[in-house]
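Undergrad: show me the folded form of this:
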Amino acid sequence: MNEYSFVKGHGTENDFVLVPDARGLHELQPGQVALLCDRRAGIGADGVIRVVRTDATDDPAAVAARGEATWFMDYRNADGSLSEMCGNGIRVLGRFLATHADVDARGPLPIATRAGTKVLTFADGDPLGEITVDMGAPALLGETTVSVGERSWPAVHVSMGNPHAVAFVDSLDDAGPLTTAPGHDPDVFPDGVNVELVVRRGEHHLAVRVHERGSGETRSCGTGACAVAVAAAVADGAERGTAYTVDLPGGTLRLVWTEDDRVLMTGPAVLVAEGLTAL
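TA: This next block holds a predicted model:
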């Protein structure tokens, strides 16, 4: 077994293990990721982020981003499966880079992901301040259906670089414990889907539960909050630039779908521990 340094952090209680690997020496295997994320046998997390320079990995997304981003977010779900990116995770990664990697928080911070390069901005240039992420343009891909047990709901298929099915429900309790992945159309989502169940709390104010593919029900999902805000804005006929507040079990995110078709997500990121682990 080898020793790896790690940092543990969360964004609205969506938690991650970060493995610093600037020189690209520690390609993690799915079993290692699953062990890191195990909440009894490992450190415990919803996913793992390997922090690697774009010039130190041959991942096609990192190679394509060389020249516009120094850092690459190599993200895996808790079961070890690859994922395009993670909205809460990228804020945690940004916090790590600003506090541990000599990244200047006073300017925009581009980070390469498998869903394209995302740009982070720190409030007031403070490395410990709230972080806004330009999550890029959403894609509205039509209607679908999701189900839990005997219940089913119409849902909106929204891509934020990863797939989401957004269903408006009468109560967040409708899905019960949400211990298994909601049913979905495998022809629409051949690689699985993140499912958001949404209720309205007020004007432009939503509350959400989310089941993430590869991780189960999580306390928060950043890309999911983006997808929810987009689906709600379309349903509301809201003008671009309207701010939405999205409450998740682990905290609150603020979303704006801008006139130039970008989704801006603002929220906290907290680093809680660091150390060494054997894998």
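
Undergrad: now stretch 56-70: buried residues?
TA: If you call a residue buried by 16 or more other Cβ atoms under 10 Å, then stretch 56-70 has these buried ones: T57, D59, A61, A62, A65, A69, T70. To be clear about C-beta, it is placed using only N, CA and C from the backbone, and glycine gets the same treatment.

Undergrad: can I assume K118 sits in a helix?
TA: No - using DSSP: H, G, I helix; E, B strand; the rest coil, the assignment for K118 is strand, not a helix.

Undergrad: I'd say it and G89 touch.
TA: No - using Cβ atoms under 8 Å, K118 makes no contact with G89, being 10.7 Å away.

Undergrad: so between those two, which is more surrounded?
TA: G89 (29 against 24; other Cβ atoms under 10 Å).

Undergrad: pull out the buried positions in the helix or strand where that one lies.
TA: Assigned by DSSP states H and E, G89 falls within helix 87-100. For helix 87-100, a neighbour-count test (16+ other Cβ under 10 Å) marks G87, N88, G89, I90, R91, V92, L93, G94, R95, F96, L97, A98 as buried.

Undergrad: let me have those in JSON lines, adding distance to S81 as columns.
TA: Below are those laid out as JSON lines (distance: Cβ to Cβ, whole Å):
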{"residue": "G87", "distance to S81": "17"}
{"residue": "N88", "distance to S81": "17"}
{"residue": "G89", "distance to S81": "14"}
{"residue": "I90", "distance to S81": "18"}
{"residue": "R91", "distance to S81": "22"}
{"residue": "V92", "distance to S81": "19"}
{"residue": "L93", "distance to S81": "19"}
{"residue": "G94", "distance to S81": "23"}
{"residue": "R95", "distance to S81": "25"}
{"residue": "F96", "distance to S81": "22"}
{"residue": "L97", "distance to S81": "24"}
{"residue": "A98", "distance to S81": "28"}
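
Undergrad: is A278 in contact with N2, as I believe?
TA: Yes - at 7.1 Å, A278 counts as touching N2 under the criterion of Cβ under 8 Å.

Undergrad: quick check: closest non-adjacent residue to V19.
TA: Among residues not flanking V19 along the chain, R50 sits closest, at 4.9 Å (Cβ to Cβ, 6 or more residues apart in numbering).

Undergrad: isn't the one you found right up against H26?
TA: Yes - R50 is within contact range of H26, at 6.9 Å (criterion: Cβ under 8 Å).

Undergrad: look up phi and psi at the residue lying closest to L140 once chain neighbours are set aside.
TA: Among residues not flanking L140 along the chain, V158 sits closest, at 6.0 Å (Cβ to Cβ, 6+ apart). In terms of degrees, to the nearest 10, the main-chain angles of V158 are phi -120, psi 130.

Undergrad: residues contacting V158?
TA: Contact analysis of V158 by Cβ atoms under 8 Å, 6 or more residues apart in numbering lists P138, A139, L140, L141, H164, A165, V166, A227, V230, A231.

Undergrad: can you tell me the SS state at the residue nearest to the fifth one when sequence neighbours are not counted?
TA: When you say that, I think you mean H164. Nearest non-adjacent residue to H164, counting by Cβ to Cβ, 6+ apart: A227, 3.7 Å away. Following three-state DSSP, we place A227 in the helix state.

Undergrad: distance check, A227 against F122.
TA: For A227, the distance to F122 equals 24 Å [Cβ to Cβ, to the nearest Å].

Undergrad: gap between the residue nearest the centre of the chain and A64?
TA: The residue lying closest to the centre of the chain (Cα atoms, centre = their mean) is C86, at 2.4 Å. Separation of C86 from A64 (Cβ to Cβ): 19 Å.

Undergrad: same check, this time on P110
TA: Counting by Cβ to Cβ - P110 and A64 are separated by 13 Å.

Undergrad: which strands border the one helix or strand A155 maps to, and is each parallel or antiparallel?
TA: Taking DSSP H and E as the criterion, A155 maps to strand 151-159. Strand partners for strand 151-159, identified by DSSP bridges, are recorded as strand 139-148 (antiparallel), strand 163-168 (antiparallel).

Undergrad: other residues contacting the shortest one?
TA: Judged by Cβ under 8 Å, 6+ apart, the contacts made with strand 163-168 from elsewhere in the structure are 144, 146, 153-158, 182, 184, 189, 191-200, 223-224, 227-228, 231, 235.

Undergrad: thanks a lot, see you next time.
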